[in-house]
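Asker: structure of the sequence below:
(2 chains)
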Amino acid sequence: MNDIAGSRPEISPTVRLEMYSAMVRARVFEKRTYDLFMSGLVKGTTHLGTGQEAVAAGFSTAMRVDDMVFCTYRGHNHTLLRGAPMDSLMGELLGRESGCCGGKGGSMHLTDVEQHAMGSYAIVGAHLPVAAGTAWASQERGTGQVTVCFFGDGTTNIGAFHESLNMAAVWGLPVVYVCENNLYMEYTPISSVTAVPNPAADRAASYGLDRIIVDGNDADAVYRTALAALGRARAGDGPSLIEAQTYRHHGHSRADPGKYRPDEEVAAWMNKDPLVIYRDRLEGLGFAASDLDRIEEEARVEIDAATEAAKASPEPGEAVLMTDLWADGGSSWRR
Amino acid sequence: MATLTYREAVARGIAQEMARDERVLLIGEDVADAGGVFKTTQGLREEFGPRRVRDTPISEEAITGMVMGAAMNGLRPIGEIMFSDFLATCWDIVVNQIAKTRYMTGGQVELPLVLRSANGGGARFGGQHSQSIENWAMAIPGLKVVAPSTPVDVVGLMAAAIRDPDPVVFLEHKALFATKGEVPDGELVGVLGKATTVRQGSDATIVALAAMVPKAVEAAEILGREGINAEVIDPRTLVPLDVTSIATSVAKTGRLFTVEENPRLCGWGAEVSSIVAEECFWDLDGPIVRITTPHIPLPAADAIEDLAIPSVNRIVESVRTSMQ
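Answerer: Numbering: from 1, shown residues only, chains lettered A, B, ... in the order given. I've put the predicted structure just below:
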């Protein structure tokens, strides 16, 4: 494990509580998503980020308000923690008018541009060059924004990974690529289909980048790594490629019970639950248990309210079916 | 007024817009220092500098993806894909990302971008550097598709494409690069979705695109000497499609012929034919006839490539036979 440049800046109590709150909010959101799926209210498919919350929490807390985030179909955590309101995300999952995309996106395409959550991308690897593009625009316009792009371990074997990392390095783009290595590309162990043990970190040298691995279940470690990479990008020193090692508590998608994972492996990672680790650490550091309980209670209240709001929202109707293909608001292809 | 080649018109159109709007940038393989492999971007790096006109590696997914991302973040980028055949290597980005993102996000994401590419056959390049892919692009909701046939339209439609708030696939025809035309001085801005009647006629409507336009006009001249007075319409853009101009012409002539360089199945003319059959049926005095490249890859040898792509003679014969 290696924080960039070995720096270990102190983390303030406020930031620590913010990160704990972020992880708890992400956890309750995914738990509710699972429950609503099982009761038939969330349709299609969902890819839960349960177990991977520390990556999203560490980065979102370290980012500047106008930094941009790109994520994958396993993107609920990242979109929520970038600032998208919980009720608009739940509305989208339930296919309601109140959804962040008005029901046109669904679980795999959660987007909230106002919060700089630039989209969840469902074709593996496709968003890596797009993230290089927003970073290129930030560089040209001198906005000081950094783009953070999350992806899974499977993405490292996609051609767009190579094209994007090379371009980002050659042009010195302000982008941070974060591989959430949860050990499985869908149902297959990443190690069985990849030529190197660390699918992202071991390839960093190909682009002249540092080899960076972080414990993705340790929010503090992620936060420190994020601060260093964001600072480097903002200073004009170019991109970073970070491999965050983590584990999903569920299968790949709602249809997958994850039976291909050895019981001992699952048990070992469940013992490294990022929320449990962090709560224990905070209590050890002297944070009052009552403050942490309050954070958990607030998240439960928030998810209940978001669920009720989403259920109360009407379903989108014919009026919106043909809107928003073009900038004029319509979808006409003829004159 | 100046006489420009089609290839010079590409650079003129881009330069006009880059001078007007500093958010316009151009990236692609060999576009900057080399001025483009077809010399369509010659002089732009010198005029606008190496940051606004920039060479990329051979990375089509990166080019298209970065153009998309830049458009999401305040630029109005142009990406060049050297040959339109290469769009197949980044079709995911074009089709699944660029075309769909506005709709899928409920209108949150605006993508004012242009993807330019050299399209079409006749250069003896063989099956992977000669395709006419306008029908691929036309089939995807969310892409506008432009394919001009003259230098003046290249300038005007390039400006319109760059100023358009939606993604535009701009297809420059390789067989037309050396052709010349008069281009007025000063700013030119065309309109997407507006066809032009290249030749007036009363007996038959021939709809032709890009390199097929001059062939259709030549065919019409021959047919005219035989007493068949054909009207030639160049739609210029396939999306939006100027249905009104085509329907008005068919109402006048009673006959429709399409001349398409794309392979037969699901070519753009199939859509035009379907619209006319549905909406102008009672105006028709005879069957709709499509003149297309057969449903094969284009061969390299000149003798057989020329047999594959619709020729002036094939247009004349098809119209003459059908009008007898």
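
Asker: okay, now residue B:2: neighbour count?
Answerer: 12 (other Cβ atoms under 10 Å in any protein chain shown). Where C-beta positions appear, they are placed from N, C-alpha and C, glycine not excepted.

Asker: nearest residue to it other than its sequence neighbours?
Answerer: Among residues not flanking residue B:2 along the chain, residue B:183 sits closest, at 5.6 Å (Cβ to Cβ, 6 or more residues apart in numbering or on different chains).

Asker: name the element residue B:54 belongs to?
Answerer: strand B:53-55 (DSSP states H and E).

Asker: can you tell me what sits against that strand?
Answerer: If you take Cβ atoms under 8 Å, 6 or more residues apart in numbering or on different chains as the criterion, strand B:53-55 is touched by B:25-34, B:41, B:44-45.

Asker: next, the residue nearest to residue B:2: phi, psi?
Answerer: Its backbone dihedrals place residue B:183 at phi -130, psi 120, with angles given as degrees, to the nearest 10.

Asker: and it, what does it touch?
Answerer: Residues in contact with residue B:183 (Cβ under 8 Å, 6+ apart) are B:1-4, B:9, B:12, B:151-152, B:155.

Asker: returning to that earlier point: can you select the buried ones from the contacts of strand B:53-55 in ChimeraX?
Answerer: The buried residues among the contacts of strand B:53-55 can be selected in ChimeraX (16 or more other Cβ atoms under 10 Å in any protein chain shown) with this line:
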select /B:25,26,27,28,29,30,31,32,41,44,45
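
Asker: now the closest residue to residue A:65 other than its chain neighbours: how far from residue A:110?
Answerer: Of all residues not flanking residue A:65 in the chain, residue A:116 sits nearest, at 7.6 Å (Cβ to Cβ, 6+ apart). Going from residue A:116 to residue A:110 by Cβ to Cβ, to the nearest Å gives 13 Å.

Asker: higher neighbour count, those two?
Answerer: For residue A:116 versus residue A:110, neighbours defined as other Cβ under 10 Å are more numerous around residue A:110 (27 against 21).

Asker: close enough to count as contact, the more buried one and residue A:89?
Answerer: Yes. When contacts are counted by Cβ atoms under 8 Å, residue A:110 is listed as touching residue A:89 (5.8 Å).

Asker: ok, now how distant is the residue nearest the centre of chain B from residue A:213?
Answerer: The centroid of chain B falls nearest to residue B:147 when counting by Cα atoms, centre = their mean (1.3 Å). Separation of residue B:147 from residue A:213 (Cβ to Cβ) stands at 50 Å.

Asker: please apply the same query to residue B:61.
Answerer: To residue A:213, residue B:61 is 26 Å away according to Cβ to Cβ.

Asker: in terms of neighbours, single out the busier of the two.
Answerer: residue B:61 (27 against 19).

Asker: and that one, which helix or strand is it part of?
Answerer: helix B:60-72.

Asker: same check on residue A:228?
Answerer: helix A:219-234.

Asker: may I see the buried residues of that helix?
Answerer: By neighbour count on 16+ other Cβ under 10 Å, the buried set for helix A:219-234 is A:219-230, A:232-233.

Asker: what's the next secondary structure element after the helix or strand containing residue B:26?
Answerer: Residue B:26 is part of strand B:24-28 when elements are defined by DSSP H and E. Going down the chain from strand B:24-28, the next helix or strand is helix B:44-48, by DSSP H and E.

Asker: tell me if that following helix is near chain A.
Answerer: No. Counting by Cβ under 8 Å from any Cβ of the partner chain, chain A is not contacted by helix B:44-48; separation bottoms out at 12.6 Å.

Asker: keeping just the C-alphas, turn that helix into PDB.
Answerer: Coordinates of the C-alpha atoms in helix B:44-48 are reproduced here as PDB (Å, rounded to 0.1, in the frame of the first residue of the first chain):
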ATOM      1  CA  LEU B  44      -5.000  25.500 -39.900                       C
ATOM      2  CA  ARG B  45      -2.300  24.800 -37.400                       C
ATOM      3  CA  GLU B  46      -0.200  27.700 -38.700                       C
ATOM      4  CA  GLU B  47      -3.200  30.000 -38.400                       C
ATOM      5  CA  PHE B  48      -4.600  28.900 -35.100                       C
END
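
Asker: residues in contact with that helix?
Answerer: If you take Cβ under 8 Å, 6+ apart as the criterion, helix B:44-48 is touched by B:11, B:14-15, B:18-19, B:26, B:31-33, B:35, B:53.

Asker: farthest-apart pair in those residues, please.
Answerer: Comparing every pair within these by Cβ to Cβ identifies B:19 and B:33 as the most remote, at 20.5 Å.

Asker: now do the strands in chain A.
Answerer: Assigned by DSSP state E, chain A shows strands spanning A:68-72, A:117-121, A:147-152, A:175-181, A:184-185, A:188-189, A:212-215, A:240-245.
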